[in-house]
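Student: output the structure for:
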Amino acid sequence: MKNRALKRLIYSLSVLLAFLSYFPVTSYGSIKKDTVINNTGFKIKTIIIDAGHGANPAGAGHFSPGASGSFSKERNVTLAIALKLQKAVEKDMTGVKAVLTRANENDVSFERRAEIANENKGDVFISIHCNSLSDRRVSRRVGTKHHKPVYKTSLVPDRSGKGVLLLVYALKRTREAENEIKRNQVEGDSELDGGALDPNDPITIILTNEYKRKFRQQSINLATLLNKEFVETDGRPSDGIRDQSIYVLCHSSMPSVLVETGYINNPDDEAYLNSEEGQNTIVNSIVRALTNFKNEVEQVSK
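Tutor: A predicted model of the protein is given here:
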């Protein structure tokens, strides 16, 4: 979301604040509009679509296979949804390009996924996943010994999870997010200090904090729009919006949301996630939310 107008405005505001600091201020008026992003003419042009997990590429080392259901694997479901979502975004959202972090079965490292998002100057990052619950420990009485009950503990699959979950990056990984914002949003602007900003310079700090605040706010706003579409339009259960320490969310320098599309170890959800109808419904909900988000962001920018 590189935006020189934003930087120029913040620079001007910082100078103004420095000037005003010489004069006493007795009262403050309420600020109702986000003046920092007004009049920037910002447009959402690139959406990054991340199909979670993947198969082990030939000769590769570590990979993240994801969860499994009774007949399907998360990595295959997420790729199918991501491919459909890419087509739908470019068809239904005029002037918007959709970039995939992976377009085949092979896994891509967390680091590379974030790099792809940043290299393509993404404006929004959507990561597609499937949820799963861990097995439950269950104890049952199997007899007695010395007049005392004897219990045996075993693992039992927990298939009670159902519906969607939206994740945004956790605040405890703020430092990582700040580093990515400095690298991809703040540094290299020729209009400020010759394109070589000092990371400790007040202007750089102001810019970084503003981007961080804005990306966090917009990530939550987008997650809210997504949740509304899933629940109110599709009638699906939802575990709501949570923050979590996820590498690709805090290292992608843009508003980012991870969508847990359903519980693959729940029989009903697994059937839904693997059906054409289910996948198309998920895709349509995401596109509607992205369209509403785009309209909101660009309206503020006017």
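
Student: buried residues, stretch 279-291. List them.
Tutor: By neighbour count on 16 or more other CB atoms under 10 Å, the buried set for stretch 279-291 is Gln279, Thr281, Ile282, Val283, Asn284, Ser285, Ile286, Val287, Arg288, Ala289, Leu290, Thr291. Backbone N, C-alpha and C define where each C-beta goes, glycine included.

Student: tell me the helices in the stretch 151-300 of the chain, going along the chain?
Tutor: Remark: helices assigned in the stretch 151-300 of the chain by DSSP state H, counting those that start in this stretch are 174-181, 202-228, 247-251, 267-274, 276-301.

Student: between those, which one is closest to Arg102.
Tutor: Among those, helix 247-251 comes nearest to Arg102, with 11.9 Å by CB to CB.

Student: helices and strands around the closest one, which ones?
Tutor: Packing partners of helix 247-251 (3 or more CB pairs under 8 Å, 6 or more residues apart in numbering; DSSP states H and E): helix 110-119, strand 124-131, strand 164-169, helix 174-181, strand 256-263.

Student: worst mean pLDDT among these?
Tutor: Lowest mean pLDDT within the helices and strands packed on helix 247-251: helix 174-181, a mean of 49.

Student: which stretches of the chain have low pLDDT?
Tutor: 1-40, 58-62, 135, 154, 171-213, 300-302 (pLDDT under 70).

Student: tally of neighbours for Phe116?
Tutor: Just to correct that, residue 116 is Ile rather than Phe. Residues lying near Ile116 (other CB atoms under 10 Å) number 20.

Student: re earlier: out of the helices of the stretch 151-300 of the chain, which is closest to Val77?
Tutor: Nearest of the helices of the stretch 151-300 of the chain to Val77, taken as CB to CB: helix 267-274 at 5.0 Å.

Student: could you tell me the angle between that closest one and strand 164-169?
Tutor: Going by axes from the mean of the first three to the mean of the last three CA atoms, to 10 degrees, helix 267-274 is angled at 70 degrees with respect to strand 164-169.

Student: now helix 267-274: buried residues?
Tutor: Of all the residues in helix 267-274, those buried under the rule 16+ other CB under 10 Å are Asp269, Glu270, Tyr272, Leu273, Asn274.

Student: redo the helices of the stretch 151-300 of the chain as TSV? Include distance to Lys45.
Tutor: Formatted as TSV, the helices of the stretch 151-300 of the chain follow (distance: least, CB to CB, whole Å):
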stretch	distance to Lys45
helix 174-181	19
helix 202-228	15
helix 247-251	20
helix 267-274	30
helix 276-301	10
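
Student: which one of those helices is the most hemmed in?
Tutor: Most buried of the helices of the stretch 151-300 of the chain by mean neighbour count (mean count of other CB atoms under 10 Å) is helix 247-251; its value is a mean of 23.

Student: that older thread, wait, which of the helices of the stretch 151-300 of the chain is closest to Val142?
Tutor: The closest approach between Val142 and any of the helices of the stretch 151-300 of the chain, judged by CB to CB, belongs to helix 267-274 at 29.0 Å.

Student: I'd guess Lys84 is in a helix, am I close?
Tutor: Yes: under DSSP: H, G, I helix; E, B strand; the rest coil, Lys84 falls within a helix.
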